[in-house]
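*Asks:* Sequence first, predicted coordinates after that:
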Amino acid sequence: QVQLVESGGGLVQAGDSLRLSCVTSGSLSSRYAMGWFRQAPGKEREFVAAISSSGITTKYADSVKGRFTISRDNNKNTLYLQMNRLQPGDTAVYYCAASKGATSWRSYDYDYWGQGTQVTVSS
């Protein structure tokens with residue numbers, strides 16, 4: 001059974017940093033592209049960042065480019081999202097996801113999803 005488990009969320013102040021982690025099932029991590037999405041209250045889920053199975057290719061939403069960094073350690077079956085200079089607009093539940101296909105910004109390209117971790121940024 002494929003599992004993705006996020007952690008690292010919390011309550012921080014504007015300007016602070018957080019690092020999210022997503023631990024995946026053993027065989028999933030090295031064969032799948034991975035992504036982070038987020039969903040704020042009353043809004044649709046939106047793309048944050050994605051990374052290819054090898055880690056060579058990354059993509060970012062314009063709203064986080066230059067502040068967030070996606071990375072992965074396939075030896076540890078873990079996906080990361082380093083979030084710097086957090087803003088109140090970053091408040092959301094953050095989800096990691098795995099895709100059998102290309103590194104994508106589209107949520108429907110992802111096959112497996114975690115349960116999410118809450119990030120709250122106060123002003």
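*Replies:* Now that the structure is in, tell me what you want to look at.

*Asks:* Only C-alpha atoms from now on, for both contacts and neighbour counts.
*Replies:* Noted.

*Asks:* Could you tell me the end-to-end distance of stretch 111-123?
*Replies:* With CA to CA, to the nearest Å as the measure, stretch 111-123 spans 35 Å from end to end.

*Asks:* Next: stretch 64-76.
*Replies:* End-to-end distance for stretch 64-76, by CA to CA: 25 Å.

*Asks:* Would you mark the buried spots in it?
*Replies:* Within stretch 64-76, the residues scored as buried using 16 or more other CA atoms under 10 Å are V64, F68, T69, I70, S71, R72, N74.

*Asks:* Name the nearest residue to the fourth one, ignoring sequence neighbours.
*Replies:* The spatially closest residue to I70, leaving aside those adjacent along the chain, is L81, at 4.6 Å (CA to CA, 6 or more residues apart in numbering).

*Asks:* For the one you found, give the beta-bridge partners.
*Replies:* L20, I70 (DSSP bridges).

*Asks:* that older thread, redo the buried residues of stretch 64-76 as JSON lines? Include pLDDT and distance to G15.
*Replies:* As requested, the buried residues of stretch 64-76 are arranged in JSON lines below (pLDDT from 0 to 100; distance: CA to CA, whole Å):
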{"residue": "V64", "pLDDT": "98", "distance to G15": "13"}
{"residue": "F68", "pLDDT": "98", "distance to G15": "12"}
{"residue": "T69", "pLDDT": "98", "distance to G15": "15"}
{"residue": "I70", "pLDDT": "98", "distance to G15": "18"}
{"residue": "S71", "pLDDT": "97", "distance to G15": "21"}
{"residue": "R72", "pLDDT": "95", "distance to G15": "24"}
{"residue": "N74", "pLDDT": "90", "distance to G15": "30"}
